[in-house]
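Enquirer: The following comprises the amino acid sequence and a computationally predicted model.
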Amino acid sequence: MSTGNDRNQQLFDRAQRSIPGGVNSPVRAFRSVGGTPRFIERALGPHFWDANGARYIDYIGSWGPMIVGHTHPDVVAAMHAAIARGLSYGAPTAGEVEMAEEIIRLVPSIEQVRLVSSGTEAAMSALRLARGAAGDGKGRRKIIKFEGCYHGHADSLLVKAGSGLLTFGNPSSAGVPAEITQHTLVLDYNDCEQLEDAFKTHGDDIACVMVEVIAGNMNLVRATPEFIQTMRKLCTKHGAILVFDEVMTGFRVALGGAQSLYGVQPDLTVLGKVIGGGMPVAAFGGRREVMKHLAPLGGVYQAGTLSGNPVAVSCGLATLKLIQAPGFYERLSAQTGKLIDGLVAAAQIHDVPFCGDFVGGMFGIYFATNVPQSYAQIMATDKERFNRFFHAMLDRGVYLAPSAYEAGFVSAAHDDEVISQTLATAGKAFAAVAAASPR
Ligand code: KE4
């Protein structure tokens, strides 16, 4: 039991009696960084407050959705109006059509789209659709994903690399039978040669390649343009479906997502986070030729009680409207750049090996000399120094992602004052890191 008057610890002790690990999503338990998770009571703009009333500058933004800042008045007003009309009908609504049309207009590779309630559900459904539609609708079983990329927790995607290169994957979670993962090939991110070899060996059996074009689940790691162009070329040649998982990067790194930055069109795109603005809205969509295989038109089944929920969609639509303001992404990118440049400068003053990278409103920070370009290089970064830095920042009111292997997020509400407060705090945090672990 907790002692003292730390409400976070009291709530955490209580939560662990009724919820496994005391949380509803594992990363929130602080197991990677240690310490007591903060139970958040309210949020506004770039800040949120914990159960002790302590204020933090928030750099997780609910892991991406809160791109316009917390409790934006336009978003709150839109939701209040929707709530007053009813919460859920289980029947189509005009708002869903408007949302679908907005997504199609903003993401040119998407000709038709289906709304669901989570990124996991969207990625799982896109995978099933790809398997059903591949090979001109004859269907295929094998899929390719990449080590370090996360696409939610559907069984086929909870896979770690096979024992040798080009051997099919093994479950990365208990409860997933090997029969489920035997068709999943896990390759190295940014390794074009492996990709070429995989298609040489399995080409016409491959249903799809699923990738985070800018990976955000092994910290931030950019795909090389060659890597993405190679997978586009190979999928086209072999009749495989190319799936971009843009749950995190969609409307986060640019209005058109990562695919607009790389100039490569996938066959399917998976979306989430920002399109819900903090409410449970996700989506998968793409070429009409592929989407026509989805029920009720085709044989690939997918369904959902709360898919396209009117209150959630009202939040998403209000968010999508705000991010289309002229100069939104230029301003967002400028603020993220000030953050990263300032952190790098602060680390240099204290002689701490550190670097950073960012794309739009998404960033990676690394206790390493060079920006990592692969899963192996991410794994070689200094986790202990990250954890020290994390707590030194948290204790001073700056909340970073509680893991060295997650990306961070800036919102439109992170103005110059907030960024300069963050950098002043970072100076103290890097001093603490240097004192605790001199080079
Ligand atoms: P959800 O089921 O959590 O909505 O989305 C799964 C998902 C799919 N694809 C990508 C690229 C994702 O980043 C995610 C979820 N991202 C994590 C952050 N690493 C969500 C945070 C969490 O798991 O609590």
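Expert: Yep, it's here.
Enquirer: how many neighbours does S374 have?
Expert: Residues contacting S374 under the criterion other Cβ atoms under 10 Å number 18. (Glycine included, C-beta is placed from N, CA and C.)
Enquirer: what does whichever strand or helix holds H80 rub up against?
Expert: If you go by DSSP states H and E, H80 is part of helix 73-85. Outside of helix 73-85, the residues that reach it under the criterion Cβ atoms under 8 Å, 6 or more residues apart in numbering are 68, 95, 277-279, 310-311, 313-315, 317-319, 321-322.
Enquirer: Could I have the buried ones of those residues as PyMOL selection syntax?
Expert: Selection of buried members from those for PyMOL, criterion 16 or more other Cβ atoms under 10 Å:
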select buried, resi 68+95+277+278+279+310+311+313+314+315+317+318+319+322
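Enquirer: Helices - which of the contacts of helix 73-85 land there?
Expert: Secondary structure of the contacts of helix 73-85 is defined by DSSP state H; positions in helices are G95, P310, V311, V313, S314, C315, L317, A318, T319, K321, L322.
Enquirer: For the residue of the chain at minimum distance from the ligand, give its distance to M379.
Expert: Sorted by distance to the ligand under Cβ to the nearest ligand atom, the residues of the chain start with G119, at 2.3 Å. From G119 over to M379 the distance is 24 Å, taken as Cβ to Cβ, to the nearest Å.
Enquirer: One more: D245?
Expert: As judged by Cβ to Cβ, D245 and M379 stand 21 Å apart.
Enquirer: near the ligand, which residues of the chain show up?
Expert: Contacts of the chain with the ligand, taken as Cβ under 6 Å from any ligand atom, map to 25, 27, 63, 118-120, 123, 150-152, 212, 216-217, 245, 247-248, 272, 282, 406.
Enquirer: One more pass at 5 Å, please.
Expert: Contact residues of the chain with respect to the ligand, defined by Cβ under 5 Å from any ligand atom, are listed as 25, 27, 63, 118-120, 151-152, 217, 245, 247-248, 272.
Enquirer: Next step: the residues you listed restricted to helices.
Expert: Per DSSP H, helices hold the following members of the residues of the chain next to the ligand: G119, T120.
Enquirer: Out of the residues of the chain next to the ligand, flag the one nearest to P108.
Expert: Using Cβ to Cβ, D245 comes nearest to P108 of the residues of the chain next to the ligand, at 17.8 Å.
Enquirer: What are the neighbouring residues in contact with that closest one?
Expert: The neighbourhood of D245, defined by Cβ under 8 Å, 6+ apart, consists of G119, A123, C149, H151, M210, V211, E212, V270.
Enquirer: tell me which of those residues is nearest to L423?
Expert: Closest to L423 out of the contacts of D245 is E212 (28.6 Å), distances taken as Cβ to Cβ.
Enquirer: so who does N190 touch?
Expert: Listed by Cβ under 8 Å, 6+ apart, the contact set of N190 reads V221, A223, T224, F227, Q373, S374.
Enquirer: now with 7 Å?
Expert: By Cβ atoms under 7 Å, 6 or more residues apart in numbering, N190 lies in contact with A223, T224, F227, Q373, S374.
Enquirer: would it count as being in a helix?
Expert: No: when classified by DSSP: H, G, I helix; E, B strand; the rest coil, N190 is found to be coil rather than part of a helix.
Enquirer: wait, which of the contacts of helix 73-85 is closest to T369?
Expert: If you rank those by distance to T369 using Cβ to Cβ, V68 comes first, at 35.1 Å.
Enquirer: Cool, thanks, signing off.
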